[in-house]
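Okay, sequence plus prediction incoming.
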Amino acid sequence: MNEKKEIKNHIIKIGIFVLALVTIGISLTYAYYVANLSGETSIDETNAAIFEVTSSLADTTSITNTKMSLINAEDVKESADKVEFSVTNSINSTVNGQYYIYLIDVHLTKNLYNKYFKWELVRVTQSGENVIDSGNFGTAMRSDPPTPNEADNVLTTTTNIPLNKIALEIPKGKTDNLIFRLWLENDSTVNQVDLTNGTFQGKLKIEASPVK
């Protein structure tokens, strides 16, 4: 019992770094193409449209925490590390848009493929926070091959992680305010010492497209 209490009082020392890098897949102008009877393709100028999406992600504060501690589930909203950013479909746009958000270039130590290492993506509205999706790194897919007798704190690479399974729609002239949270969740009934001495790195990516 004393050993478990001592572990719970211990700071979980892992390095966290989420680079708020924005990569937006957009076209400032686009047009629908119509094939004529001769088989050639031409632009119907009446259908030409403007789609202009911007984000504050490139300028927002990144997560940098080298001494991450366990957080109780009820304290996540107030205490978890987070990246706050916005996505805007410009007033210059003439069409609505949709977008997906991903964690890319993810590197984490082997011990952090764990259900207690969690994330969530929320959208903030006038009525409060709405969770878009959440998950944990226990289900992350490793993309590099393991080596024989590798240590638990060996740094690995994972496949990109989609943070929303359904496209987020954004009307023209509107802004979405979002929060990405990352935390280690406490479980008072479990010895979580295996979460210590880990490292995580990743980047946030946005892909946007017009809604035809």
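Looks like it came in fine.

Only C-alpha atoms from now on, for both contacts and neighbour counts.
Fine.

Report the helix or strand with the lowest average pLDDT across this protein.
When the helices and strands of the chain are scored by mean pLDDT, DSSP states H and E, strand 33-35 comes last with a mean of 33.

What ranges in the chain fall below the confidence cut-off?
Where the chain drops to pLDDT under 70, the residues are 1-48, 212.

And the helices in it, which stretches?
Under the criterion DSSP state H, helices of the chain are mapped to 2-8, 76-79.

mind listing what the nearest residue to Asn72 once chain neighbours are set aside touches?
Of all residues not flanking Asn72 in the chain, Asn186 sits nearest, at 5.1 Å (C-alpha to C-alpha, 6 or more residues apart in numbering). For Asn186, the contacting residues are Leu70, Ile71, Asn72, Ala73, Tyr116, by C-alpha atoms under 8 Å, 6 or more residues apart in numbering.

got it, and Val95?
Going by C-alpha under 8 Å, 6+ apart, Val95 touches Ala49, Ile50, Phe51, Pro171, Lys172, Pro210, Val211, Lys212.

Out of the residues you listed, give me the two with the largest separation.
Ala49 and Pro171 (14.0 Å; C-alpha to C-alpha).

ok, Val106 to Asn197 distance?
17 Å (C-alpha to C-alpha, to the nearest Å).

So if I had to pick from the two, which one is more boxed in?
Val106 (20 against 17; other C-alpha atoms under 10 Å).

if I look at the residue nearest to that one when sequence neighbours are not counted, how far off is Thr125?
Closest residue in space to Val106, ignoring its immediate chain neighbours: Gly202 at 4.3 Å, by C-alpha to C-alpha, 6+ apart. Going from Gly202 to Thr125 by C-alpha to C-alpha gives 26 Å.

Counting neighbours around each, name which of the two comes out higher.
Using other C-alpha under 10 Å, the more surrounded residue of Gly202 and Thr125 is Gly202, with 22 against 11.

how about stretch 73-86: buried residues?
Residues of stretch 73-86 classed as buried by neighbour count (16 or more other C-alpha atoms under 10 Å): Val76, Ser79, Ala80, Asp81, Lys82, Val83, Glu84, Phe85, Ser86.

so who does the closest residue to the first one other than its chain neighbours touch?
When you say that, I think you mean Val76. Nearest non-adjacent residue to Val76, counting by C-alpha to C-alpha, 6+ apart: Trp183, 7.5 Å away. Trp183 makes contacts with Met68, Leu70, Ile71, Val76, Ala80, Asp81, Phe117, Lys118, Trp119, as judged by C-alpha under 8 Å, 6+ apart.

Compute the number of surrounding residues for the first one.
Neighbours of Met68 under the rule other C-alpha under 10 Å: 19.

and if you look at Asn96?
Asn96: 20 surrounding residues under other C-alpha under 10 Å.
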